[in-house]
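A.B. asks: Kindly return the folded structure for what I paste below:
(one chain, ligands or ions: 1)
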Amino acid sequence: MTASVIDGKAFAAGLRARVADQAARFEQAAGRKAGLAVVLVGEDPASQVYVASKAKQTAECGMASFEHRLPEDTTQADLLALVDALNANPAVDGILVQLPLPRHLDEQQVVARIDPDKDVDGLTPLSSGRLALGQPGLVPCTPLGSLMLLKDRLGDLSGLDAVVIGRSILVGKPMAQLLLAENCTVTVAHSRTRDLAEVVRRADIVVAAVGRPEMIKGSWIKPGATVIDVGINRLPPEEGKTKGRLVGDVAYAEAAEVAGAITPVPGGVGPMTIAVLLRNALVAAHRNAGVALDD
Ligand code: NDP
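C.D. replies: Modelled structure (predicted):
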């Protein structure tokens, strides 16, 4: 069997087009653009690329983009004051503080300060609580994007066995909550899980969010399973090259021989993350402005 490839890039492009359409209608109804603020502290090169890309795509979707770049030595008090100002600014519907923050800053305190109704990353304690309780709220972008790909491929997920490998706050835990809400039977595996291969073999749905290159082997995958590979790992450069290849957490070539469907890396879950961020900002804008979102 050769798995069909789940094209996250194409799905994300479609999602962005829908967001752009809805953003234009929002502007007409609310008399202002939906607004997304992104805060970057310091000079981390990867974060700079993400933030520039988020700002560009926000503007391309017809939303207002507010970029705040603060120096590496920003104090906790100054950063909290900026979050407070963005919370109070009615033109700002979504606030994203790019993580990781420089070491001297208390990340948890900063994230918790974001107004949960503007928490487009879905990382505040209230957003996590709402997700666990099944209440409406903003959901972390990468797991929500992974769920969209799964539902697009499989339709109803009810009763399926799902294994999530990884239990981070950013990916693994919210992913498990989302699958549970879809009536999957969910197992969450992590670094202390015994006999991971056996656990994975039971699963109709495998979501890998570990951060270890090609750790999940093809022989672990149940024939016909749907595999969502969240991992993004850069291998050491091959001879004569300056940059190594990007690979996921799943041994793609092997797994594609067994799985029913699989996301590639790059081009699978990766492109979904920013598209879902824009969607979250739009959802927040509608709620904040009291305008109905017609999907
Ligand atoms: P974390 O490092 O926060 O979490 C990794 C998880 O994997 C932990 O729960 C850890 O277990 C578990 N783990 C580590 N080693 C093993 C092992 N040998 N066997 C089983 N489980 C193991 O990573 P993130 O969740 O933030 O990210 C995971 C991957 O997803 C990374 O490659 C990251 O780059 C990628 N990512 C991709 C995004 C995208 O846009 N596509 C967005 C976010 C992340 P324990 O808790 O026991 O330590």
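
A.B. asks: use CA for all of it now, contacts and neighbours both
C.D. replies: OK.

A.B. asks: Skip the chain neighbours and tell me the closest residue to residue 136.
C.D. replies: Of all residues not flanking residue 136 in the chain, residue 130 sits nearest, at 6.5 Å (C-alpha to C-alpha, 6 or more residues apart in numbering).

A.B. asks: ok, the one you found to the ligand distance?
C.D. replies: 20 Å (C-alpha to the nearest ligand atom, to the nearest Å).

A.B. asks: That residue belongs to a strand?
C.D. replies: No - for residue 130, which was evaluated using DSSP: H, G, I helix; E, B strand; the rest coil, the result is helix, with no strand membership.

A.B. asks: Could you grab the helix/strand/coil label for the residue of the chain positioned farthest from its centre?
C.D. replies: In the chain, the residue that sits farthest from the middle, by C-alpha atoms, centre = their mean, is residue 240; the gap is 33.7 Å. Under three-state DSSP, the three-state class of residue 240 is coil.

A.B. asks: and it, how far is that from the ligand?
C.D. replies: 25 Å.

A.B. asks: what's the pLDDT at that residue?
C.D. replies: At residue 240, the model reports a pLDDT of 92.

A.B. asks: Next, give phi and psi for it.
C.D. replies: The phi/psi pair for residue 240 (degrees, to the nearest 10) reads phi 80, psi -10.

A.B. asks: now swap in residue 157 and tell me
C.D. replies: According to degrees, to the nearest 10, residue 157 has phi -100, psi 0.

A.B. asks: Pretty sure it sits against residue 185.
C.D. replies: No - in this structure, residue 157 is not within contact of residue 185 by C-alpha atoms under 8 Å, at 9.6 Å.

A.B. asks: Between those two, which contacts overlap?
C.D. replies: residue 179 (C-alpha atoms under 8 Å, 6 or more residues apart in numbering).

A.B. asks: Low-confidence bits of the stretch 101-250 of the chain, can you list those?
C.D. replies: Applying pLDDT under 70 to the stretch 101-250 of the chain picks out no residues at all.
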